[in-house]
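Novice: sequence first, predicted model second:
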Number of protein chains: 2
Amino acid sequence: MRIAFIIYEGITALDFIGAYDPLTRLKSMGFLKDLKWDICSYTRKVKDNTGLVFMPTKVNKSLKSYDMVVLPGGFGSRKLAKNKGFIRWLKTAEDCKFKVSVCTGALLLGAAGFLKGRKATTHPGAFKELKGFCSKVVNKRIVDEGDVITARGVTSSIDLGLYLCEKLAGREAKLKIRKQMDYQHFLK
Amino acid sequence: MRIAFIIYEGITALDFIGAYDPLTRLKSMGFLKDLKWDICSYTRKVKDNTGLVFMPTKVNKSLKSYDMVVLPGGFGSRKLAKNKGFIRWLKTAEDCKFKVSVCTGALLLGAAGFLKGRKATTHPGAFKELKGFCSKVVNKRIVDEGDVITARGVTSSIDLGLYLCEKLAGREAKLKIRKQMDYQHFLK
């Protein structure tokens, strides 16, 4: 199992880290010992929307070989959705088994054509923008369409990450990770 | 209002980012226009416990002039609590109005002597270690002792960040930030 965490200029750091934390615990807590991941970007320079610098481990490399790509949201997503070079790069993820997004990351999945005929969600403030990209905008925390899984606003990144932990490694793994993250008093 | 977000080798990224997101929204959403912050570390090289690189904006500079220092937790905290150079540096935060921690960041506040005579909390897995540093370990999500505020495990970083938003800018600011973070369906 190989995961590509996509980062870009203007991401919301919590969209990224909220999913990154539980997913990487699949390895550190011993549930998926062969799990590998990269921090992938199209450009070398990557800052979040506050100026915080993130360092990619792969720059402008094909996403084809990953099992999962994770797209965080952020103010930069709206601009990037119109960036032909970025979208061409993102399209290399077309055959990945799981294409997932948090918040306005869904607009990027949409711009790459991955939401065609699929239901999806995003930050409530971007529901209108998402409409043109998918079959139906759904106001749920997580919308799972099999190969495409989208989550709502910023903090849904944690719920998405835990949801994917269960999908990849089973319910017991998710429950243990959730407890270690001190999140057990929230969701079922 | 100036905040120092402390980062160090072996932090848990979500401990940091979970508080960073709501606190920095105090500025981006217009509630505290004069809010400033730095990403402060003792050493130049900073990776989280998975290898993710973070770039400090200030390296080994006195923390004296900040109103608030925020200490995230992470596996690196146990080693750092015994690092005399780091603790000497952290002690420059002694006169800061607010010294706050997430998860095992409390062990660092403790090692610097900031928890003497104070109640505190940390990740449940570190309650025993915290005992020697404070007057009482409290099993609550957030423990506010005025100048020292500690939060429990990893995801409590978000609750702490929102709690501090209310403390610094009032309840309305917190509620609007929480909504923008899509976190409104959880806490009061």
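Specialist: Looks like it came in fine.

Novice: now the angle between helix B:13-28 and the longest helix along chain A, please.
Specialist: Selection of the longest helix in chain A by residue count, based on DSSP state H, yields helix A:13-28. Using axes from the mean of the first three to the mean of the last three Cα atoms, to 10 degrees, the inter-axis angle of helix A:13-28 relative to helix B:13-28 is 180 degrees.

Novice: mind listing what's buried in helix A:13-28?
Specialist: Neighbour-count burial for helix A:13-28 flags A:13-27 (criterion: 16 or more other Cβ atoms under 10 Å in any protein chain shown). Bear in mind the C-beta positions are built from the backbone N, C-alpha and C, glycine included.

Novice: likewise stretch A:70-81?
Specialist: Neighbour counts over stretch A:70-81 (16+ other Cβ under 10 Å) mark A:V70, A:L71, A:P72, A:G73, A:G74, A:G76, A:S77, A:R78, A:L80, A:A81 as buried.

Novice: and of the buried residues of helix A:13-28, the nearest to A:H123?
Specialist: A:D15 (9.3 Å; Cβ to Cβ).

Novice: against chain B, how distant is that closest one?
Specialist: 9 Å (Cβ to the nearest Cβ, to the nearest Å).

Novice: pLDDT value on that residue, please?
Specialist: A:D15 is assigned 98 on the pLDDT scale.

Novice: check A:R25 too.
Specialist: Confidence score, pLDDT, at A:R25: 98.

Novice: how about the contacts made by it?
Specialist: A:F31, A:C165, A:I177, A:Q180, A:M181 (Cβ atoms under 8 Å, 6 or more residues apart in numbering or on different chains).

Novice: please tell me how far the residue most central in space within chain A sits from chain B.
Specialist: Against the mean C-alpha coordinate of chain A, by Cα atoms, centre = their mean, the closest residue is A:V70 at 2.8 Å. The gap separating A:V70 from chain B is 14 Å, by Cβ to the nearest Cβ.

Novice: for that residue, list each beta-bridge partner.
Specialist: Note on A:V70: beta-bridge partners A:F5, A:V100, judged by DSSP bridges.

Novice: please verify my assumption that it contacts A:I17.
Specialist: No: A:V70 lies out of contact with A:I17 (Cβ atoms under 8 Å); the separation is 11.0 Å.

Novice: residues from chain A in reach of chain B?
Specialist: A:12-14, A:17-18, A:20-21, A:24, A:28, A:39, A:49-50, A:52-55, A:103, A:123-125, A:152-156, A:158, A:180-183, A:186 (Cβ under 8 Å from any Cβ of the partner chain).

Novice: list only buried entries from the residues you listed.
Specialist: A:12-14, A:17-18, A:20-21, A:24, A:39, A:49-50, A:52, A:54, A:103, A:123, A:152-156, A:158, A:180-183.

Novice: contacts only, for A:K33.
Specialist: Taking Cβ under 8 Å, 6+ apart, we find A:K33 in contact with A:K27.

Novice: no no, A:D144
Specialist: A:Y163.

Novice: against B:C40, how distant is the residue nearest to A:L164 when sequence neighbours are not counted?
Specialist: Nearest-residue entry for A:L164: A:L23, 6.1 Å, with adjacent residues in sequence omitted and distances by Cβ to Cβ, 6 or more residues apart in numbering or on different chains. To B:C40, A:L23 is 28 Å away according to Cβ to Cβ, to the nearest Å.

Novice: quick one: contacts for the residue nearest to the centre of chain A?
Specialist: A:I3, A:A4, A:F5, A:I6, A:F16, A:A19, A:Y20, A:L23, A:V100, A:S101, A:V102, A:G105.

Novice: let's see it at 7 Å
Specialist: Contacts for A:V70 were tallied using Cβ atoms under 7 Å, 6 or more residues apart in numbering or on different chains; they are A:I3, A:F5, A:I6, A:A19, A:V100.

Novice: same check, this time on A:K64
Specialist: By Cβ under 7 Å, 6+ apart, the contact list for A:K64 reads A:T92, A:D95.

Novice: hmm, try it at 10 Å
Specialist: Shown in contact with A:K64 (Cβ atoms under 10 Å, 6 or more residues apart in numbering or on different chains): A:A4, A:K91, A:T92, A:A93, A:E94, A:D95, A:C96.
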